[in-house]
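>>> Based on what follows, work out the 3D shape:
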Amino acid sequence: MCTVPPPPPPPPPPPLVRERASPGHGSPGRAASPGQGSHGRAADAVPDGVCEWARGEPELRLACARAQLCPQAAPRRVRYSRAPGVLQRGPTCGLAALAMLARLQLSPDAALAAAQARGYSRRGEMFSCRDMAALAAELLPAAGLPHARVQLETAPLYSEETVDRLLAGAMMLVPYNASLQHTPCPSSGHRAHWALVCGVLEVAAPRPHRLHPTNVYAVCRQGKDPGLMLCSLRDLHKSNTNLTDFVQRTDENGPRYVLPEGGVTGPNGLTGQYVVVERL
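Below you'll find the model as predicted:
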């Protein structure tokens, strides 16, 4: 009798390409535990068999499971550069994102003091991408990133170039309009917020190897929640370019914010601009 050998097992999913996290020191003030708990708790929150390709990265696995992204098959391409979560104090979302990028080798309090000393900010607000780029270029070398290359970028965020740079290990500081859930939305800048884009995930597209609105997701952190946020790269781009208006409320306590000449839409503002940091 002739027997047919069983088919070989499927190949394992491709490993995530990621950066090694640097040990943080100093007192960041509001360092957040990932996903409201340890990596183990994040892993426990995902049922067996869901997003198994990300089992080595519990926070990413949890974020993908919640978003129902690639629950069975691995993404076509993915890169996640580890960065710690930091909860902001007051309007310090941009400085908290900068501290995340520096992996807490730079504390939010130190970033705030530097921004205030240079006239970029009064209360932690950062309404100028140019100022954010200058601050990052000055502070990152002393935070253990001597080779970091900081670039103010005005090219469209939703592009193949953005995907390629993130896949190569870049991180990006991106201002956007935040919804009540802190996700990107078109609200004209009334809830301007900053995200650290620390990765990218590309799922299968209707037209392979082409940028498509439904197949590329930014892996982000932001200062209102300790976990990872996944959002469409196109939605983040649209929100970034919709930063068209900001008026400080007259009933708000504290010093007035520092706004660049020309406001948030001017050449020194936020609209259509972001900061790229490479060679991390």
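
>>> any chance you could map the strands in the stretch 101-250 of the chain?
Counting by DSSP state E, counting those that start in this stretch, the stretch 101-250 of the chain has these strands, from start to end: 149-153, 171-177, 192-202, 216-222, 225-232.

>>> Adding distance to Asn242 and mean neighbour count, write those strands out as a markdown table.
For every residue, glycine as well, the C-beta is placed using N, CA and C. Formatted as a markdown table, these follow (distance: least, C-beta to C-beta, whole Å; neighbours: other C-beta atoms under 10 Å):
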| stretch | distance to Asn242 | mean neighbour count |
| --- | --- | --- |
| strand 149-153 | 17 | 17 |
| strand 171-177 | 6 | 27 |
| strand 192-202 | 10 | 27 |
| strand 216-222 | 16 | 27 |
| strand 225-232 | 14 | 20 |
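
>>> Which one, of the ones you listed, ends up nearest to Val78?
When those are compared by C-beta to C-beta, strand 192-202 sits nearest Val78, at 4.8 Å.

>>> what's the average pLDDT for that closest one?
Averaging the model's pLDDT scores along strand 192-202 yields 96.

>>> got it, and stretch 180-187?
89.

>>> List the buried residues in it.
By neighbour count on 16 or more other C-beta atoms under 10 Å, the buried set for stretch 180-187 is 182-185, 187.

>>> neighbouring contacts of that stretch?
176-179, 191, 193, 222, 224-225, 229, 231-232, 235-236, 238-240, 242 (C-beta atoms under 8 Å, 6 or more residues apart in numbering).

>>> one more time with 10 Å
The contact list for stretch 180-187, computed with C-beta atoms under 10 Å, 6 or more residues apart in numbering, reads 93, 174, 176-179, 191, 193, 195, 218, 220, 222-225, 229-245.

>>> Helices along the stretch 151-280 of the chain, start to end?
160-167, 233-241 (DSSP state H, counting those that start in this stretch).

>>> From start to finish, how long is stretch 73-88 in a straight line?
From its first residue to its last, stretch 73-88 covers 35 Å (C-alpha to C-alpha, to the nearest Å).

>>> Show me which parts of it are buried, residue by residue.
74-88.

>>> from the residues you listed, which ones fall inside strands?
77-80, 85-86 (DSSP state E).

>>> Between those residues, which sits nearest Tyr120?
The closest of those to Tyr120 turns out to be Val86 (C-beta to C-beta; 18.7 Å).

>>> Need phi/psi at the closest residue in space to the closest one that isn't next to it in sequence.
Once flanking residues are discounted, Val86 sits nearest to Ala96: 4.5 Å by C-beta to C-beta, 6 or more residues apart in numbering. Phi and psi for Ala96, reported as degrees, to the nearest 10, are phi -60, psi -40.

>>> Am I right that Ala96 is in contact with Glu125?
No. Ala96 is beyond contact range of Glu125, at 11.9 Å (criterion: C-beta atoms under 10 Å).

>>> who touches both of those two?
Trp194.
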